[in-house]
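For reference, the sequence and a predicted model appear below.
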Amino acid sequence: MEIKVDDLSGIQVKDLIAEHLQGMAGDSPPESIHALNLDGLKKPEITFWCAWEAGDLMGCGAMKELNPEHAELKSMRTASAHLRKGVARKMLAHIMDVAVERGYKRISLETGSMDSFIPARKLYEDFGFEYCEPFADYILDPNSTFMTKKI
């Protein structure tokens, strides 16, 4: 598996982001969806990565700089055909390595509070993320869970 920065221009990437947004819409009410669309992911404060194997898109993840010491994990998604192959774990490890290289002191995330998000929350717990209050522009929302990790 090769993880590399992506410009979000390829059809496989566009399809995966569409799948991600559809998945969020199926699990969360509209006011509680914080997933970014293609335009949102192209902002200069966001770095977007894709995981590829033999020309097949396996998953994606992004990191948004909130300030020089704090970043946010965004848009973690494994393609449906590659679930339970360790894609998310490898992507998260890669993003965490980049966060350390960039000198961030903390990385935070927002994910869903519903049962369908238990695997994601478990992954973040395995990486040492702890539950926290809302950060940045987020507000308390019963459909959101907030996590953070000092690095």
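Great, that's in hand. Numbering: from 1, shown residues only.

C-alpha from now on. contacts and neighbour counts both.
Noted.

Now the element after the longest strand seen in the chain, going C-ward?
Longest among the strand segments of the chain by residue count, using DSSP state E, is strand 56-67. Counting by DSSP states H and E, the next helix or strand C-terminal to strand 56-67 is strand 70-78.

Go through the next helix or strand after that following strand and flag the buried ones.
Following strand 70-78 in sequence order, the next helix or strand is helix 87-102 (DSSP H and E). Buried residues in helix 87-102, counted by 16 or more other Cα atoms under 10 Å: 87-92, 95-96, 99.

closest to residue 23 among those?
Within the buried residues of helix 87-102, distances to residue 23 taken as Cα to Cα reach their minimum at residue 88, with 15.9 Å.

Confirm for me that that closest one is in contact with residue 79.
No. Contact criterion Cα atoms under 8 Å: residue 88 and residue 79 do not qualify, at 9.8 Å.

May I see the buried residues of the worst-scoring helix or strand of the chain on mean pLDDT?
Within the chain, no helix or strand scores below helix 11-27, which has a mean of 86 by mean pLDDT, DSSP states H and E. The neighbour-count check on helix 11-27 (16+ other Cα under 10 Å) flags 13, 16-17, 19-21, 24, 27 as buried.

which residues are common contacts for residue 88 and residue 79?
Listed as contacting both residue 88 and residue 79 by Cα atoms under 8 Å, 6 or more residues apart in numbering are residue 59.

Distance-wise, check residue 59 relative to residue 138.
Going from residue 59 to residue 138 by Cα to Cα, to the nearest Å gives 25 Å.

before we move on, the earlier item: pipe the buried residues of helix 87-102 into a markdown table and attach pLDDT and distance to residue 146 per row.
Output for the buried residues of helix 87-102, formatted as a markdown table (pLDDT from 0 to 100; distance: Cα to Cα, whole Å):
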| residue | pLDDT | distance to residue 146 |
| --- | --- | --- |
| 87 | 98 | 22 |
| 88 | 97 | 18 |
| 89 | 97 | 19 |
| 90 | 98 | 21 |
| 91 | 98 | 19 |
| 92 | 98 | 16 |
| 95 | 98 | 18 |
| 96 | 98 | 17 |
| 99 | 98 | 18 |
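
That's all I had, so thanks and see you.
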